[in-house]
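Asker: quick one, fold the following:
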Amino acid sequence: MSWTGIRTYSLVAAFSALLPAQIHKTLTRNAERSEILRTGRYEIPAPIWSGDRLIGLELNDTSTPIFWTIDRNGRKEEIQFSIPDAARITIWNLTASTGGTIVAGGTAVSNQSQGAGFLSIIPPDRGSKIIVRTRPYVPRALVVDPNNVIWSAGSDIQSNLPIYNVLKRYDKFGNEISSIHMDVKGRIGPDASYASKLRCSNDRVGWLTGASEYLEFGLDGHEIARFDGPPWKKDYQPSDVVFTELALSANNEVVATLRGKGQSLWSLDRTKRVWIPIDVSAENFDTWAQTFGFDGEELIFGSRTRERGTLLIRYGFAPRR
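Answerer: All right, here's what the predicted structure looks like:
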């Protein structure tokens, strides 16, 4: 691996006045590497660490968006994506498996203004791709679990009526395995799949909804736990668009991040059913610093550099004190 400029020190959450009885998390910096990403800004959806690589896109909402990846060794790849007869493609989410399969979900609109939801599955050899038309279902959040099952949260239509917060699972060829209408809190209206995040560990899938509920599922699809979301800052209005990020390690460490009006980073204590704050202010991250996700047990952050690149920083959780 080519991680350079290695430095180590501790970051300790400074919230003892608020939560005196809790043991705060400590993050130790492991390594950093500067990368010049293809774009000078993050598009939506923002890049994430998924499988064994960082994955993002540019030229969204065009006929030919571009997917790009950076693996652990800094090797970069780009894939120009298109769908026959699609005049505009909107990618709602990107994800990748540990083996390198890339899965994209979104909507495609033809020259005749006919729209449809889709899943695209691009195998590691990149020799071909599978396009699955999911209309009327629109996949808005995606993850590929360790069994190569594709999980998706989105919206559907039944009997000409919208059905929100539908959790679907597909096999590696895009065949639907299961579909369930989830009873969760709405965000703006009833739809909590918009701006939601799906992530996986070795034995479960986590879903941070757009309304900031956090749910976990076994790999067979059944719900195993549900938690209220982190206590985000109170200066947000219910109608605000709030950008959140979710990271789930291989061994089930959960980190949720709120971006926008200052950084807010939280770790879940499942036993006590509370979210423990983690302070990252000592890093002097800019306002666009981002939690990319876990690579195994290492938490990866991204922060802008003056050269319009991105500094990738890896952390490990220190043992509890």
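
Asker: could you pull out the strands for the stretch 101-250 of the chain?
Answerer: Secondary structure of the stretch 101-250 of the chain (DSSP state E, counting those that start in this stretch): strands located at 102-110, 115-122, 130-133, 138-144, 150-158, 161-170, 176-181, 197-200, 204-208, 214-218, 223-227, 243-248.

Asker: tabulate these (JSON lines), appending mean pLDDT and distance to Ile300.
Answerer: Any C-beta I mention is one placed from the backbone N, CA and C, and that applies to glycine too. Shown next, in JSON lines, are the strands of the stretch 101-250 of the chain (pLDDT from 0 to 100; distance: least, CB to CB, whole Å):
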{"stretch": "strand 102-110", "mean pLDDT": "96", "distance to Ile300": "18"}
{"stretch": "strand 115-122", "mean pLDDT": "95", "distance to Ile300": "22"}
{"stretch": "strand 130-133", "mean pLDDT": "96", "distance to Ile300": "29"}
{"stretch": "strand 138-144", "mean pLDDT": "96", "distance to Ile300": "16"}
{"stretch": "strand 150-158", "mean pLDDT": "94", "distance to Ile300": "21"}
{"stretch": "strand 161-170", "mean pLDDT": "95", "distance to Ile300": "26"}
{"stretch": "strand 176-181", "mean pLDDT": "96", "distance to Ile300": "30"}
{"stretch": "strand 197-200", "mean pLDDT": "97", "distance to Ile300": "13"}
{"stretch": "strand 204-208", "mean pLDDT": "98", "distance to Ile300": "17"}
{"stretch": "strand 214-218", "mean pLDDT": "98", "distance to Ile300": "20"}
{"stretch": "strand 223-227", "mean pLDDT": "97", "distance to Ile300": "23"}
{"stretch": "strand 243-248", "mean pLDDT": "90", "distance to Ile300": "8"}
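
Asker: need those in TSV (columns: distance to Ala87).
Answerer: As requested, these are arranged in TSV below (distance: least, CB to CB, whole Å):
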stretch	distance to Ala87
strand 102-110	6
strand 115-122	10
strand 130-133	15
strand 138-144	18
strand 150-158	22
strand 161-170	24
strand 176-181	27
strand 197-200	28
strand 204-208	32
strand 214-218	36
strand 223-227	39
strand 243-248	28
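
Asker: need the ones you listed in CSV (columns: mean neighbour count and distance to Ile89).
Answerer: Below are those laid out as CSV (neighbours: other CB atoms under 10 Å; distance: least, CB to CB, whole Å):
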stretch, mean neighbour count, distance to Ile89
strand 102-110, 23, 5
strand 115-122, 21, 9
strand 130-133, 15, 11
strand 138-144, 26, 13
strand 150-158, 22, 16
strand 161-170, 19, 19
strand 176-181, 14, 22
strand 197-200, 26, 21
strand 204-208, 24, 25
strand 214-218, 19, 29
strand 223-227, 14, 32
strand 243-248, 21, 22
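
Asker: show me the contacts for the closest residue to Val132 other than its chain neighbours.
Answerer: Among residues not flanking Val132 along the chain, Gly174 sits closest, at 3.6 Å (CB to CB, 6 or more residues apart in numbering). Applying CB atoms under 8 Å, 6 or more residues apart in numbering to Gly174 gives the contacts 119, 121, 130, 132, 150.

Asker: repeat that for 10 Å
Answerer: By CB atoms under 10 Å, 6 or more residues apart in numbering, the contact set of Gly174 is 103, 118-121, 130-134, 150.

Asker: sorry, back to before: what about the strands of the stretch 101-250 of the chain, which gets the closest to Ile44?
Answerer: Distance to Ile44, taken as CB to CB, is lowest for strand 243-248 among the strands of the stretch 101-250 of the chain, at 8.7 Å.

Asker: good, we can wrap up now.
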